[in-house]
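Visitor: pasting the sequence and the predicted model now:
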Amino acid sequence: MSSNQLLIGCHVSTRGGYGRAARRAWEIGARSFQYFPKNPRSMSIKTLDASAAADCLTFCREHGMPSIAHTPYPINIAIGDSRGRELYELTVKSLQNDLIIAEACGTVGIVVHFGHFKGRDALQGYKNIIQCLNETLSGWQGSAKILLENQAGTPGSMGITLDELVNIRRLSDYPEKIGFCLDTCHAYASGVWDPRTTDALVERGRELGYWSDLAAVHLNDSKYPLGSGKDRHERIGQGYIGEEAFQALLSYPEFHGKALVLETDAGEDGTHLGDIAKVKSWPID
C-alpha cells in the first residue's frame, strides 16, 4: 500500500456548514476529516440543519472521504448521576443529538472520551460508563457509532489500555454500535504505545480483537516524553514520537482504510496542508 492511499486528514471548522467543512478538508489534500457537530464547549442540543448535512453526505460519498465527529468537551460518561440527574440526562441527550447529526452527514461515528471518575471505587466509574452507553444507544437505529477514545493518563490510570476499551464494549448491551478511536499521543503519553515495541501493541490488539472495531486514529505527536501522562499534542514528526515511529505504526494493515486525523496546530499557512503532504510522502509498505 502506498502512503498516498492513507486516509490522512485533519480537524476542520464547520463554519459555513458541514458540506463546507468537507470541501475545506478536500482542498488541502485531506482524505478524511473530523468536525464538531455542535458547540464544542456546550452540551446544548442543536437542531439538525438537514440541508447542510445532506450536502456533506453527498460530497463525502462522491469523493470516498470518511469523517468522524468529536463530541463536546464537557461530556464525561464516567460520572453517572453523581453530579445530579439533570446533568446525566443532558449528557445522554447530547450524545444522541451528536449521533443524529453524524448520521445525517454520513459520518462513521462520534468520538467519545472514555471519561474520568474521581471516586474511590473505580468499578463504579466503569459501571457508569456502561450505563450511559446503554441509555444512549438503546433506541439508536443508525449506522453511526460511538467511538471510544483511549486517554492519556499515567500508567494505572483509568481508560488508557486497549483491554479496558474492549471490555467496556463487550459488557455493553449494544457492542455492535460501539467502535474505537486510537489517539497516538494518548497511547504514547500513557505508556501503552512504546515505539520501540510497536509489535507488542499490535499483537495485543489482535489478541483482544481491538483492531477489528477500530474506526479512526487521532494521529498526534507528543510534546512530552513516553509515559509522561500529559495530553499535549505536537505537530506530526516534531514531537517525541517522531516520523520513523509513525511510519512503522502505519505500515501495519490494521491502519489501512481507517480515518487518520491530525488534531495538531496548523502550519504557517493556517492549515494542515504541509503535514498532510508530509504523511503522504512517507515510504509506507
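Guide: Structure received. Predicted model only: the values in this text are computed from it and were never measured.
Visitor: can I get stretch 206-213 in CSV, CA atoms only?
Guide: In CSV, the C-alpha atoms belonging to stretch 206-213 read as follows (Å, rounded to 0.1, in the frame of the first residue of the first chain):
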residue,chain,number,x,y,z
ARG,A,206,-5.1,-8.6,17.7
GLU,A,207,-5.5,-10.9,20.7
LEU,A,208,-8.3,-8.6,22.1
GLY,A,209,-10.0,-8.1,18.8
TYR,A,210,-9.5,-4.4,19.2
TRP,A,211,-8.4,-3.6,15.6
SER,A,212,-11.5,-5.1,14.0
ASP,A,213,-13.5,-2.4,15.7
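Visitor: check which residues of that stretch are buried.
Guide: The neighbour-count check on stretch 206-213 (16 or more other CB atoms under 10 Å) flags 208, 210, 211, 213 as buried. (C-beta placed from N, C-alpha, C; glycine too.)
Visitor: and stretch 39-55, how far apart are its ends?
Guide: One end of stretch 39-55 to the other measures 20 Å (CA to CA, to the nearest Å).
Visitor: tell me which of the buried residues of stretch 206-213 fall in helices.
Guide: Counting by DSSP state H, the part of the buried residues of stretch 206-213 found in helices is residue 208.
Visitor: mind listing the helices for the stretch 51-200 of the chain?
Guide: Counting by DSSP state H, counting those that start in this stretch, one finds helices in the stretch 51-200 of the chain at the ranges 85-105, 122-137, 162-171, 184-189, 198-208.
Visitor: pick the most buried one from those helices.
Guide: A comparison of the helices of the stretch 51-200 of the chain by mean neighbour count, using mean count of other CB atoms under 10 Å, puts helix 184-189 on top with a mean of 26.
Visitor: could you dump the buried residues of stretch 206-213 into JSON lines with pLDDT added?
Guide: Formatted as JSON lines, these follow (pLDDT from 0 to 100):
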{"residue": "208", "pLDDT": "98"}
{"residue": "210", "pLDDT": "98"}
{"residue": "211", "pLDDT": "98"}
{"residue": "213", "pLDDT": "98"}
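Visitor: could you dump the buried residues of stretch 206-213 to CSV with distance to residue 172?
Guide: Shown next, in CSV, are the buried residues of stretch 206-213 (distance: CB to CB, whole Å):
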residue, distance to residue 172
208, 15
210, 15
211, 19
213, 12
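Visitor: which one of the buried residues of stretch 206-213 is nearest residue 273?
Guide: Checking the buried residues of stretch 206-213 against residue 273 with CB to CB, the nearest one is residue 211 at 29.5 Å.
Visitor: need the contact list for the nearest residue to that closest one once chain neighbours are set aside.
Guide: Nearest-residue entry for residue 211: residue 254, 4.1 Å, with adjacent residues in sequence omitted and distances by CB to CB, 6 or more residues apart in numbering. Contact analysis of residue 254 by CB atoms under 8 Å, 6 or more residues apart in numbering lists 202, 205, 206, 211, 214.
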